[in-house]
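This is a predicted model, with the sequence first.
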Amino acid sequence: MNFYEQIADNKRKTNVILACFVFLILFLGYVLGVYVGSPPMGLFVAFMFSLFYGIIIYFSGTQLVLTLSHAVPAKKEQYPHYVNTVEGLALAAGIPTPLMYVINDTAINAFATGLSPKRAAITVTTGALHRLHRTELEGVIGHEMSHIKNYDIRVMLIAAVFIGIIAMLSDVLLRTVIYGRSDRREKGSGAIVLILFGVLLAIFSPLIAELLRLTVSRKREFLADASGAQLTRHPSGLASALKKIRDDHEPLVEAANKATAHLYIENPLRTFGGKMNSLFSTHPDINERIKRLEGM
């Protein structure tokens, strides 16, 4: 695929996955309503959970992520090429210049955060600044700039909100069925089957939601790779940087954790997880990413 085909394909797949999240939330709310005898009430509860949890997550802020990552503002006199590259690529992308931060860590990595291009930040490790060549660093920053331009951070925030909503609705439904009272004789056989299916889905829905979130994350990484390569016009630069990240003997970013790992250009915790790591990885296979970039 060329730049545009890759971008369109990944956006389409992301929209389908987000639609699955919405369907799961509405279905759980509807089943809850059927059980208590008022489907509209169940849908209203699902809506209120979504609104309340979404407001909390929205106002948690970008600063929390930066603080957890031990990121500090980048000074132009100390990192002139980093600052100039971000400013130039922001101009090329047609978005405001993001705030720039640095993490003091020898691993090669970077991430973008923020809810919109006007409220965004790019963070790179000192390992990336010291060990990547000019075109490689441009490729990495172009990737992160694309995350900002494509609103990927907002998409992942929405996915995280969906997971919280699904977990809460699943818990409410299970508790209502286990501890609540309902005369099954007043319900038709179709309603009983629906409730039983809903209960079964509620048990597994947190796992399903997490797998959906990881799928969204992987698709957005492919999208950022393609968009970043389009922005810099040098797919080989990002491909070369990913090779260095892949072959890094110390890939762990000390300040990273499970809550922030999906933000990085490559999973900073990829040395953990064993055989199940690929299934629950926040990123697609790095060799596949390199292959796609080299094929552009």
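Looks like it came in fine.

Domain-wise, how is the protein divided?
Per automatic domain parsing, the domain ranges recorded for the chain read 3-60+153-210, 62-151+217-294.

how far does the last one stretch from start to finish?
Between the opening and closing residues of domain 62-151+217-294 we find a distance of 33 Å, counting by CA to CA, to the nearest Å.

can you tell me which of the domains of the chain the model trusts least?
Lowest mean pLDDT of those: domain 3-60+153-210, a mean of 74.

wouldn't residue 96 be in contact with residue 114 here?
No - the pair residue 96 / residue 114 is not scored as a contact, 10.4 Å apart, by CB atoms under 8 Å. Bear in mind the C-beta positions are built from the backbone N, C-alpha and C, glycine included.

intersection of neighbour lists for these two?
residue 120 (CB atoms under 8 Å, 6 or more residues apart in numbering).

how much space between residue 12 and residue 282?
Separation of residue 12 from residue 282 (CB to CB, to the nearest Å): 21 Å.

ok, these two, which is more surrounded?
residue 282 (22 against 10; other CB atoms under 10 Å).

and the more buried one, helix, strand or coil?
Using DSSP: H, G, I helix; E, B strand; the rest coil, the structure places residue 282 in coil.

can you offset everything so residue one is 33?
Renumbered: residue one is now 33, and that last one reads residue 314.

quick one: what helix or strand has the residue nearest to the spatial centre of the chain in it?
The centre of the chain sits closest to residue 188, judged by CA atoms, centre = their mean, with a distance of 3.6 Å. Using DSSP states H and E, residue 188 maps to helix 184-211.

cool, residue 129 as well?
Short version, using DSSP H and E: residue 129 is in no helix or strand.

tell me the contacts of the closest residue to it other than its chain neighbours?
Once flanking residues are discounted, residue 129 sits nearest to residue 122: 4.4 Å by CB to CB, 6 or more residues apart in numbering. Residues counted as contacts of residue 122 (CB under 8 Å, 6+ apart) are 128, 129, 130, 177.

Which of those residues are buried? Put it as a PyMOL command.
Restricted to buried positions by 16 or more other CB atoms under 10 Å, the PyMOL selection for the contacts of residue 122 reads:
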select buried, resi 129+130+177
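
Max pairwise distance over the contacts of residue 122: which two?
128 and 177 (11.2 Å; CB to CB).

from the middle of its chain, how far away would the helix or strand where residue 55 lies be?
Using DSSP H and E, residue 55 sits within helix 35-68. How far helix 35-68 lies from its chain's middle: 15 Å, per CA atoms, centre = their mean, to the nearest Å.

Pull out the buried residues from the helix or strand following it.
Per DSSP H and E, the first helix or strand lying C-terminal to helix 35-68 is helix 71-90. Under the neighbour-count criterion of 16+ other CB under 10 Å, helix 71-90 has 71, 74, 75, 77, 78, 81, 82, 85, 86 buried.

Adding distance to residue 160, write those residues out as JSON lines.
JSON lines is the format used below for those (distance: CB to CB, whole Å):
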{"residue": "71", "distance to residue 160": "52"}
{"residue": "74", "distance to residue 160": "48"}
{"residue": "75", "distance to residue 160": "47"}
{"residue": "77", "distance to residue 160": "46"}
{"residue": "78", "distance to residue 160": "42"}
{"residue": "81", "distance to residue 160": "40"}
{"residue": "82", "distance to residue 160": "37"}
{"residue": "85", "distance to residue 160": "34"}
{"residue": "86", "distance to residue 160": "33"}
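
Who are the packing partners of the helix holding residue 55?
helix 71-90, helix 184-211, helix 221-264 (3 or more CB pairs under 8 Å, 6 or more residues apart in numbering; DSSP states H and E).

Contacts for stretch 123-139 next, please.
Residues contacting stretch 123-139 (CB under 8 Å, 6+ apart): 98, 101-106, 111, 114-115, 118-119, 122, 141, 144, 146, 149-150, 152-159, 161, 177-178, 180-181, 263, 280, 282-287, 300.
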